[in-house]
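In: This is a predicted model, with the sequence first.
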Amino acid sequence: MDIAIFTLTSALHDPRATEASTNEFLNKLGLSRDCLMGDDYRTYGSHALDLIYLRTGGTEGGFLELLPRLVSQSSKPFYLLTSGESNSLAASLEILSYLRSQGLRGEVLHGQPEFVRRRIDLLTTVGKALRKLKGMRLGVIGRPSDWLIASQADRELVRQRLGIELVDIGIDELLQAVQATTPPPVTNELKSKAQTAQVVESLGMALRIHKALEQVVSQHGLCGFTLRCFDLLTAVRNTGCLALALLNARGTVAGCEGDVPAMLSMAIGQALVGEPGFQANPSRINPDTGQILLAHCTIPLSMVKRYELDTHFESGLGVGVRGFMAEGPVTIFKVAGNLKRHFAEEGILISNPAYPTLCRTQQVIQLRDQHRMSYFLTDPIGNHHIVLPTHCKAQLDEMLN
């Protein structure tokens, strides 16, 4: 069950009147009585959204008695639902004030039914996403690239807050798997996407890298990883760009350059909207117009309407991906490795250029609020940012604030 509603009721109130009021309130919110758990709190904390419905006033003492048990069952904020009848709002304000004085988080859900239902829907969406993250194992294959000097992560905080375990895997393990892998057949479809004969010749090794990464993911029980991919250029004269594009499209979070905060951002994006997103470098910024160009040599193939295969931009080796995503709503997102701050801003993807002096996949995005452009120039969270193919700033802010 995604939504569970637990109740608190004063014994002074008429049970029949309280039940009638409860039914009316749930109907106004468009919620079924199937969500109603009553005063049985044994499963509190195990749902995407757990609500405490204060049906009457005079429930403060009962809540105080319950509090130690509730804290032991869940670390999530307390969401106090109130209809405003029978002094329930007054009780919820007293309870929330007490929670805040104890350093605990909470919120009163109150207002017009449409407002309350919108809030419940958003919190449920966020709760589902957080539940998907719990228990994830994400690999760091190799270590972060040498130039990622500001892209570290607090592993213990990541485990505590998101339930994600970070697993270190040596790059040698991957290279050995690549060498031991039988080259898979190159499909005619992939050959048709290649822009040069050099790329066609490189497809076999690119697919060996893909197969080896699948093996590493399986052996370590990973839900995703970030790869120190530039080491492949010297070791096998190829890249992970095509492998990452394929793996991301099939639901395995696959990030570049050993960037752990970018990988975490991709995992959060996938849990929330079903796509890991496009990990990219901000390459050009126009503060006057609020336009930003982002580029990288790989993108999940599930995100694009069409794609081409070229060489990797910086090296001219291997296989890079030039993907063309449908124009429309996007969100640029990045979370810091210590989870203490994040950036999320909505915009519109307006074009997919193909400048020869930048990484192969390129996107020009018009930010909804052009003043947010100052973030990139004054207080960025590292280099890489993630483009998600929908507007989801409100959900990201709720997850991470």
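Out: Thanks, I have the structure now.

In: Report the buried residues of stretch 346-360.
Out: 346-347, 349, 352, 358-360 (16 or more other CB atoms under 10 Å). Backbone N, C-alpha and C define where each C-beta goes, glycine included.

In: Then stretch 358-372?
Out: For stretch 358-372, by 16+ other CB under 10 Å, it's 358-367, 370, 372.

In: One more: stretch 28-44?
Out: In stretch 28-44, counting by 16+ other CB under 10 Å, buried: 29, 31, 35-37, 41, 44.

In: Then stretch 380-399?
Out: For stretch 380-399, by 16+ other CB under 10 Å, it's 381-389, 391-393, 395-396, 398-399.

In: End to end on it, go ahead and measure it.
Out: End-to-end span of stretch 380-399 (CA to CA, to the nearest Å): 20 Å.

In: And it, how far out from the chain middle?
Out: Relative to its chain's centre, stretch 380-399 lies at 8 Å (CA atoms, centre = their mean, to the nearest Å).

In: So this protein: which segments form each domain?
Out: The record's domain parsing of the chain by automatic domain parsing lists 3-133, 137-400.

In: where does this structure dip in pLDDT?
Out: 1, 13 (pLDDT under 70).

In: Spatially central residue for it, please.
Out: Here the mean C-alpha position of the chain is nearest to the C-alpha of residue 268 (CA atoms, centre = their mean), at a distance of 1.5 Å.

In: Tell me the one of the buried residues of stretch 358-372 nearest residue 122?
Out: Closest approach to residue 122 among these (CB to CB): residue 372, at 21.0 Å.

In: Tell me which residues touch the nearest residue to the closest one once chain neighbours are set aside, please.
Out: Excluding its sequence neighbours, the residue lying closest to residue 372 (CB to CB, 6 or more residues apart in numbering) is residue 345, at 4.7 Å. Taking CB atoms under 8 Å, 6 or more residues apart in numbering as the criterion, residue 345 is in contact with 331-332, 367-369, 372, 375, 393.

In: picking up where we left off before, now intersect the buried residues of stretch 380-399 with the helices, please.
Out: Judged by DSSP state H, helices contain the following of these: 393, 395-396, 398-399.

In: Pick out the most distant pair among those residues.
Out: Across those (CB to CB), the longest gap, 10.8 Å, separates 393 and 399.

In: For residue 298, give me phi and psi.
Out: phi -150, psi 150 (degrees, to the nearest 10).

In: How about residue 280?
Out: phi -150, psi 160.

In: i'd like the first residue to be 15 from this point on
Out: In the new count, where the first residue is 15, that last one comes out as residue 294.
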